[in-house]
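In: take this sequence and fold it.
(chains A and B)
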Protein chains: 2
Amino acid sequence: MKVAKFGGSSLADAGQFEKAAAIIRADSERRLIVVSAPGKRHAEDIKTTDLLVTLAADVLENGPVEESLQAVKERYESIVRGLGLSGNPAAETEQQLRKLIDEYKTDPPRLMDALMASGENENAKVMAAYLQSLGETARYLSPEEAGMVVTDEPANARILPEAYARLKKLREEEGILVIPGFFGVSKAGHIVTFPRGGSDISGSIVAAGVEASLYENFTDVDSVYSVNPSLVENPKEMKQLTYREMRELAYAGFSVFHDEALLPVVAKKVPIAIKNTNHPDAPGTRITAEREREGLPVIGIASDSGFVTINLTKYLMNREVGFGRNLLNILAEEGISFEHTPSGIDNMSIIVREEYLNETAEARILERIRQELNVEEVHVERNLAMVMVVGEGMASTVGVASKATTALSEAGVNIKMINQGSSEVSMMFGVNAQDADLAVKSLYKACFEKEPV
Amino acid sequence: MKVAKFGGSSLADAGQFEKAAAIIRADSERRLIVVSAPGKRHAEDIKTTDLLVTLAADVLENGPVEESLQAVKERYESIVRGLGLSGNPAAETEQQLRKLIDEYKTDPPRLMDALMASGENENAKVMAAYLQSLGETARYLSPEEAGMVVTDEPANARILPEAYARLKKLREEEGILVIPGFFGVSKAGHIVTFPRGGSDISGSIVAAGVEASLYENFTDVDSVYSVNPSLVENPKEMKQLTYREMRELAYAGFSVFHDEALLPVVAKKVPIAIKNTNHPDAPGTRITAEREREGLPVIGIASDSGFVTINLTKYLMNREVGFGRNLLNILAEEGISFEHTPSGIDNMSIIVREEYLNETAEARILERIRQELNVEEVHVERNLAMVMVVGEGMASTVGVASKATTALSEAGVNIKMINQGSSEVSMMFGVNAQDADLAVKSLYKACFEKEPV
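Out: This is a model prediction of the structure:
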């Protein structure tokens, strides 16, 4: 039993629906289908989800809503018409949106969640109807019926553990089930959307729940590349990578597969296949628990900016039992998660994502560190980027560090921090944000274009 | 006003006493003299302190003490005779030792402290008498009179803050004051010795207390070398280094100047001069708050073994506010200080000195980590060494990381960890203990014997 998730571009119009349906029908194992909302048909197009955000904004401003409502309706009408479906599903969509507006118009966060989720929800109904029209035993399954029980905080749904047992029962269902991605239903009965990577998270949860043999993620690229293709021409494709490698790359800005979407399948070791709806015969990229290590020890290079370090100095810090704990306790009490804590002998840096450390928080935390930890010096440095060189077993390969640091040195990039821990999956370089692209390019060149290590 | 501390080899016999006295008399600023116990006169000789340890052991075993007591007495007799001192100071020494034995024979730790401290104490008396015999205004000053008030735990004295105000009054004294190193006196009136680097600590405390213009540390080497001379032939001498550089080198096994001995002078910014009693005109090595940065960015290379890592893995660890705090809290509650915490995305290593993590502690801590932090995996790795490449501003110099990692790679050393934080004074490489010497040699060669970075 496979779970196939189709992204927005794979369902942008009737033609894309036809491709997706053909893919579903080509393999009888594809029994659980998770769909996104219709995406962009061309570069200047507006995604359905964004049309729905405009609609929600119009409602909340008490302005006229007909125009934005019609824009949404027209997207579905054009798909339904193109697919030659009978009945008037787009009218039902309109009715459903009006119902949600009435229900939630005084509750802005819930209204936003409910309307945004409609993009996926209505699309799942269309896909189910289309598959039926093709003669398949298929039906729309709401997240509520599916058992996708989530926490109740708007725009930040987390799956509840009990959902998995309920989802497992879907194994016994006949035919094809089409489930909308991006949201679940809380115990209070509210529609709540997942954070970043929403529909990927839904697909992953369903795949883990039914213990699928494969989680297929259909998108519009043939493969995941070893480096951001906007930085390097014709970058190497990754045929297979491990969950850990994907996770490290996703961490550092690879947007292919968000790490929260990885978590459910990792727990159940369900392999992932990233495939192209427009080119389904391409092998795509597999993400699995283990892989054969062959060829290059480095599989990918990524970077992400927006990091800040808090740097502090205190003589004999390492002799002081509890110093590190007391320091991290201040961060924990301020609700701040940290990324890394590289240290020298008498100094320590805490790397934090910039979004967690605004000026007020910074002032308060520095004051607490000075007062409570009696440090000699503490200051904050902003505009840092993390560049990650990723590959299973890489860090245990003699020479990778040398190759990487030489490449950065030759490119004139000053390495502000190096962090290589026990994972043996990655090596992290802290550089100034303005050096990040140059760092990635020079590392790619050294690791992939020169002879292998 | 300068503080001059003479080590054991500088006071091993009458000939060395003459050299030390000549040095003291050559500069009228040398007003506070801190002395060690007589050290080895030749490679097979036994240090006075070790003779005293034997004496203490004999006392505690209720065995005959005369032989070991006479051995100590004879060391002083030979010095006193060689210096042609009048009176019978060695007999006084014997009397003093018998008194201490009587006083402390039922309290082993105190007996050990009191007898060991006698080595320095009696030597200070001899030096004062010798300086007087040469016509100098000089006197022995006990740590008690000097105001060296310390905590009361045997063999682990820490100076009490109030000592500094008392020591400052010594500025007003006339003539030369000779103070024994290695111990202080607790408020309860007990002799308590300092931990590792004892007499250096005393000298540093006195220098900080009197706010000396210079703390001269007389030993038996012309200079501090850039690398352990037993690993590299004719290594480069360090003319000047900063406190921070010395601290990083001392941390990683440079035994020249222990970091606890640095602390007092660092606080008061008293410069240190490491000089050779046997060659007082050699420029020696200066340790100061700042130095001119010129030539090589790397000043020294050191390594220390006996490290252990606790490695743990947990998915999305970095999103969990408080995870790091909770982890370090377990260590703090177990009384364990840690050295570094290099981390990947979902994993973290805690580097601890092996002595703090015996098998019982290891089992208990791993169990707590598993239970309380719900990690996916945790294990301990032993037999690690840390190799430090040290130099002010080094880490901000493009190319040092490249040079260092290339040297290690070419030598076939697998770098298990790299930690370069914000200090810009050092770069740390974690390697297997058996690779440490090779790592140091290859790094020395790359940083000092090839053309500079």
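In: could you pull out the helices for chain A?
Out: Taking DSSP state H to define them, one finds helices in chain A at A:14-25, A:48-60, A:66-83, A:89-104, A:108-133, A:143-146, A:162-168, A:198-209, A:243-251, A:259-268, A:323-333, A:359-373, A:400-410, A:436-444.
In: can you say which of those helices is nearest to residue A:427?
Out: With CB to CB as the criterion, residue A:427 lies closest to helix A:400-410 of these, at 6.3 Å. The C-beta positions use only the backbone N, C-alpha and C, and glycine is treated the same way.
In: name the residues of that closest one that are buried.
Out: Residues A:400, A:401, A:402, A:403, A:404, A:405, A:406, A:407, A:408, A:409 are the ones in helix A:400-410 that count as buried (16 or more other CB atoms under 10 Å in any protein chain shown).
In: hang on, residue A:398 packs against residue B:414?
Out: Yes - Residue A:398 lies in contact with residue B:414 (CB atoms under 8 Å); the separation is 5.2 Å.
In: sorry, back to before: of all the helices of chain A, which one is nearest residue B:79?
Out: The nearest among the helices of chain A, by CB to CB, is helix A:323-333 at 45.2 Å.
In: run the chain-centre distance for that closest one.
Out: From the chain centre to the centre of helix A:323-333 is a distance of 29 Å (CA atoms, centre = their mean, to the nearest Å).
In: tell me which residues in that helix are buried?
Out: Under the neighbour-count criterion of 16+ other CB under 10 Å, helix A:323-333 has A:323, A:324, A:325, A:326, A:327, A:328, A:329, A:330, A:331, A:332 buried.
In: once you drop chain neighbours, what's closest to the third one?
Out: Yep, that's residue A:325 we're talking about. residue B:328 (3.8 Å; CB to CB, 6 or more residues apart in numbering or on different chains).
In: what of the fourth one?
Out: In space, and not counting its chain neighbours, residue A:326 is closest to residue A:373: 6.0 Å by CB to CB, 6+ apart.
In: distance of residue A:133 from residue A:87?
Out: 10 Å (CB to CB, to the nearest Å).
In: more neighbours: which of the two?
Out: Comparing residue A:133 with residue A:87 by other CB atoms under 10 Å in any protein chain shown, the one with more neighbours is residue A:133, at 14 against 9.
In: does that one really touch residue A:80, like I thought?
Out: No - shown here, residue A:133 and residue A:80 do not form a contact pair, counting by CB under 8 Å, at 10.5 Å.
In: I'd like to know which elements the helix-or-strand element of chain A with minimal mean pLDDT is packed against.
Out: For chain A, counting by mean pLDDT, DSSP states H and E, strand A:417-420 ranks last in confidence among helices and strands (a mean of 80). The contact analysis (3 or more CB pairs under 8 Å, 6 or more residues apart in numbering or on different chains; DSSP states H and E) places strand A:417-420 against strand A:426-432, strand B:417-420.
In: need the contact partners of that strand.
Out: With contacts defined as CB atoms under 8 Å, 6 or more residues apart in numbering or on different chains, strand A:417-420 is touched by A:309, A:340, A:342, A:349, A:351, A:395, A:401, A:405, A:426-430, B:342-344, B:401, B:415, B:417-422, B:427.
In: residue A:300 contacts residue A:227, correct?
Out: Yes - between residue A:300 and residue A:227 a contact is recorded at 6.5 Å, counting by CB under 8 Å.
In: mind checking which of those two has more residues around it?
Out: Legend: neighbour count by other CB under 10 Å for residue A:300 and residue A:227, higher for residue A:300 (28 against 23).
In: keeping just the C-alphas, turn stretch A:254-263 into PDB.
Out: Coordinates of each C-alpha in stretch A:254-263 appear next as PDB, following Å, rounded to 0.1, in the frame of the first residue of the first chain:
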ATOM      1  CA  PHE A 254      16.700  22.800   1.200                       C
ATOM      2  CA  SER A 255      13.000  23.400   0.800                       C
ATOM      3  CA  VAL A 256      12.300  20.100  -1.000                       C
ATOM      4  CA  PHE A 257      11.100  18.300   2.100                       C
ATOM      5  CA  HIS A 258      10.600  20.100   5.400                       C
ATOM      6  CA  ASP A 259      11.900  18.400   8.400                       C
ATOM      7  CA  GLU A 260       8.600  18.300  10.200                       C
ATOM      8  CA  ALA A 261       7.300  16.300   7.300                       C
ATOM      9  CA  LEU A 262      10.100  13.800   7.700                       C
ATOM     10  CA  LEU A 263       9.400  13.000  11.300                       C
END
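In: residue ranges of each domain in chain A, please.
Out: When chain A is parsed with automatic domain parsing, its domains come out as A:9-210, A:300-449.
In: can you flag the weakest of those by average pLDDT?
Out: Of all those, the minimum mean pLDDT falls on domain A:300-449 (a mean of 88).
In: and that domain, how far out from the chain middle?
Out: 23 Å.
In: how about residue A:299, nearest residue that isn't a chain neighbour?
Out: Of all residues beyond its chain neighbours, the one nearest residue A:299 is residue A:391 (4.3 Å), with distances taken as CB to CB, 6+ apart.
In: pull the number of nearby residues for that neighbour.
Out: So residue A:391, with other CB under 10 Å, has 26 neighbours.
In: correct me if wrong: residue A:378 contacts residue A:367.
Out: No - counting by CB under 8 Å, residue A:367 is not a contact partner of residue A:378; they are 9.5 Å apart.
In: these two: who's more crowded?
Out: Neighbours were tallied for residue A:378 and for residue A:367 using other CB under 10 Å; the higher tally belongs to residue A:378 (20 against 11).
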